Every structure is written in structure tokens, then in C-alpha cells.
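> Dropping a prediction and its sequence here:
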Amino acid sequence: MNTADQYLKAIYLVQQLEDGPASTGAVAEQLDVSPASANEMIGKLESRGLCHHEKYKGVDLSEEGIGRARDALQQYCIIERFLLQVLEVESFRAEATQLEPVIDETVAERLDTIINRAPQCPDCFAHEEDVCSLLAHERDVADAD
Amino acid sequence: MSVGISLASDHQLARLLQIGVVLEEVAEARAAKHASESDVIDAEVRTLLESAAVESAEHRDRLEGLINGLDAETVGFKQIEQLVEQQYETGEEFDGVLYDQLCTEETAYKFYDDLIEAIEGSDARFSVDRDSLLRVLREVRNDEEEGAEAVTELME
């Protein structure tokens, strides 16, 4: 996943949490980058029509930006599920974040052919927990068995 | 969360190689399944698929050799074969089989290309020899490129 898509995903998640425009600081925090870096990238995304940035208010994704962010979030969910379901990685969330930049869309689509993922993905993503809510539930059920 | 490709440890490298192994296992299982079960392909396509399955198994062995050098484990082929079987969906028509094979080759090519780039851009010291690592990955990537070209020729 390229850097622009990682930013779009981060803005999308922050907007969901804040239920409105995403503050640049929160986006920077989500990505663990400096506010200056976040500002620069947000400016680039805005010039491509993917978001709108208003000073003191925050960033709003455009329709196209939302579409790309949701695709990126789906890819992230695929990586998380693949790590947990196939490779049985306990720290799948942290590793998904590390692997995200190296896993291309086509690779994620291929990994998607061997995992179980709900049709409503990525709407089932729990933003605060950084994990698919269904996956968290599946883990609880598996632990209880 | 960090932005940009960062490959900093044996652990991360092993994880990516494990993903490579799984991609090869998926490729092997799907090509073998197409070759043995499809009624609509001709002898030329069947031969290509059988060769592709053999090549994927060879790639898997080479990647597993690298993973062993990193003191990590891989996912067994049987497990992936079962997962492929459970989720198997593809067009039964001739073009569907070839298109699936083309996707397989192109996906693998893209994966190895990104992995090579990540290794080249990393300052980390790995437990496996960097030159050997890159040589194996470049050879495998080249095989995938040639594989994609062979499928494209058959599709034309």
C-alpha cells in the first residue's frame, strides 16, 4: 500500500472517531509522523482532489478519497485476518501495520482468496480497537471453545 | 503506524518470506487444480499449468531455505491446499483459467519486486547473506516475469 493510501486510511479512521473533519495532529499521531509531514502530505492529497483541508477545522475526505480509504482499510483487514487465520500470529495488529507498506493491492487480493472475510468489510472495522469487530468476536468464540 | 517501507529485522524479513511461501502454495494449488480438473483447456495450457505448479513448488523450497536461515517456520502446503479448496472460485471457461494464472504470476512478480526494493532500501543486518538473499529473490522474480509472458502469449 502506498503512502498516499496509508494517509487516506488514517484520515478516514480519524474522521470516523471524531465524527467530523480530522485534525492534522490526530492524523499525524495515527501515522506516527510529525505534524509538518502530515500537513505536507495532506496538501498533496488535496491537490489531487482526494480531500479538503480547512485551517483550524481539519481534513474532510472527498468521495473519491473515501473510496480509496475504504479500499485501503479492506486491504489492512485482509492482512490482519491473513496473519491471524493463516500464519497464526498473535501480535497480528502490530505486524499488519508494519507489513502494510510492503503488501500491494494485488497481493492482498490473492491472500484474500484463502481467508474468511465478511461481505460488509470494512464497515465492521472497530476504529478504536484497530481491528475488525467480527474478528475480535471470532477470537473470543475460539478462546471459549 | 509508520509510513513507507521499512524492513528492519530478521523477524520482518521472515514474515515477508512466509507470505511469499503462501503465495507460491496458493499458486501451486490453483494451477494443479486447474490442470487436473478443467475440461475446457487444451494440452498446451495443461502443460503450462503443470509446469507452473512445479515451478511454484521449487520457488517455495528456495524461500523455505532462506526462512530456515532466519530460524523461522513456514506454513505447510497441505494447510494452504485445504484453504484454497474451501474458498476456490474461478471462471470455468478457458479465459478464466488463463486469467487466473496470469494474476498469479503478476501478483508474485509484484510481491518479489516490492520485497527486493524493501531489502535494497534497508540498512538492517540479516542473519542470511544479503547477496544470496537478493540473488534468490531476483531469480524467482524473473521466473514470474517469464511466466506472465508465457501466459500472455497463450492468451493472444
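All right, it came through fine. None of these values were measured; they are calculated from a predicted model.

> May I have stretch A:68-85 as CSV, with CA atoms only?
Once non-C-alpha atoms are left out, stretch A:68-85 reads as follows in CSV (Å, rounded to 0.1, in the frame of the first residue of the first chain):
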residue,chain,number,x,y,z
ARG,A,68,-9.7,4.9,-1.8
ALA,A,69,-9.6,5.0,2.0
ARG,A,70,-12.1,2.2,2.3
ASP,A,71,-10.2,0.1,-0.2
ALA,A,72,-7.0,0.6,1.9
LEU,A,73,-8.9,-0.3,5.0
GLN,A,74,-10.1,-3.5,3.4
GLN,A,75,-6.5,-4.3,2.4
TYR,A,76,-5.5,-3.8,6.0
CYS,A,77,-8.3,-6.1,7.2
ILE,A,78,-7.1,-8.8,4.8
ILE,A,79,-3.5,-8.5,6.2
GLU,A,80,-4.8,-8.7,9.8
ARG,A,81,-7.0,-11.7,9.0
PHE,A,82,-4.3,-13.5,7.0
LEU,A,83,-1.8,-13.0,9.8
LEU,A,84,-4.2,-14.4,12.4
GLN,A,85,-6.0,-17.1,10.5
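
> Roughly how far does A:Ala96 sit from A:Gln75?
Noted for A:Ala96: a distance of 10 Å to A:Gln75, by C-beta to C-beta, to the nearest Å. For every residue, glycine as well, the C-beta is placed using N, CA and C.

> what sits in contact with each of those two?
Contact with both A:Ala96 and A:Gln75 is made by no residue, according to C-beta atoms under 8 Å, 6 or more residues apart in numbering or on different chains.

> quick one: contacts of the least confident helix or strand in chain B by mean pLDDT?
In chain B, no helix or strand scores lower on mean pLDDT, DSSP states H and E than helix B:77-87, which sits at a mean of 76. If you take C-beta under 8 Å, 6+ apart as the criterion, helix B:77-87 is touched by A:86, A:113-116, B:22, B:25-26, B:28-30, B:33, B:60.

> before we move on, what about stretch A:42-61?
Judged by C-beta under 8 Å, 6+ apart, the contacts made with stretch A:42-61 from elsewhere in the structure are A:4, A:7-8, A:11-12, A:15, A:18, A:20-24, A:27, A:62, A:64-65, A:68-69.

> Could you rerun that using 7 Å?
In this structure, residues lying in contact with stretch A:42-61 by C-beta atoms under 7 Å, 6 or more residues apart in numbering or on different chains are A:4, A:7-8, A:11-12, A:15, A:21-24, A:27, A:62, A:64-65, A:68-69.

> And these, which two are furthest apart?
The most widely separated members of the contacts of stretch A:42-61 are A:Ser23 and A:Glu64, with 21.6 Å between them, by C-beta to C-beta.

> Just give me the neighbour total for residue 64.
Picking chain A for this. For A:Glu64, the number of neighbouring residues by other C-beta atoms under 10 Å in any protein chain shown comes to 13.

> Please refer instead to chain B.
Neighbours of B:Glu64 (other C-beta under 10 Å): 18.

> That one is in what secondary structure piece?
Of the helices and strands defined by DSSP states H and E, B:Glu64 is found in helix B:43-69.

> One more: B:Glu139?
Residue-wise, B:Glu139 maps onto helix B:130-155 under DSSP H and E.
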